[in-house]
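**Q** sequence isn't available, so here's the structure alone:
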């Protein structure tokens, strides 16, 4: 439990930085999506699906950004791109 709490604190600090950045632009580096957006997005699903951390629920700008990413042509959930689902029963 202590390790999980420590890691949750690190996640919270890092996503707060991202949320603040996304308050002034639609994508991480500006007006258009870049590899930075696509690289980050997968890491925001992992804590939610693996540990139940509600990052979009706690960070409004990240929630809106995730919706923008999902609306991009060709978008696929990160786990759909991996062979087999990493979480049993899903």
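**A** That came in fine, so what should we check first? These figures come from a predicted structure and were not determined experimentally.
**Q** so in the protein, where's the weakest helix or strand by average pLDDT?
**A** Counting by mean pLDDT, DSSP states H and E, the chain has its least confident helix or strand at helix 35-51, which shows a mean of 82.
**Q** check which element follows that helix along the chain.
**A** Moving toward the C-terminus from helix 35-51, the next helix or strand (DSSP states H and E) is helix 55-58.
**Q** against residue 58, how distant is residue 7?
**A** As judged by Cβ to Cβ, to the nearest Å, residue 7 and residue 58 stand 16 Å apart. C-beta here means a position set from N, CA and C on the backbone, and glycine is covered the same way.
**Q** now do residue 67
**A** Taken as Cβ to Cβ, the span from residue 67 to residue 58 is 15 Å.
**Q** and these two? which has more neighbours close in?
**A** Neighbours were counted for residue 67 and for residue 58 using other Cβ atoms under 10 Å; residue 58 has more, 13 against 10.
**Q** now do the contacts for the more buried one.
**A** By Cβ atoms under 8 Å, 6 or more residues apart in numbering, the contact list for residue 58 reads 12, 15.
**Q** if we can go back for a sec, identify each buried residue in the least confident helix or strand of the chain, please.
**A** Using 16 or more other Cβ atoms under 10 Å as the test for burial, helix 35-51 gives 37, 40-41, 44, 47, 49.
**Q** so where do the helices sit in the chain?
**A** 2-22, 35-51, 55-58, 60-70 (DSSP state H).
**Q** nearest to residue 84 among those helices would be which one?
**A** Closest to residue 84 of those is helix 35-51 (Cβ to Cβ; 14.4 Å).
**Q** right, and residue 72 touches residue 33 too?
**A** Yes. With contact defined as Cβ atoms under 8 Å, residue 72 counts as touching residue 33 (6.2 Å).
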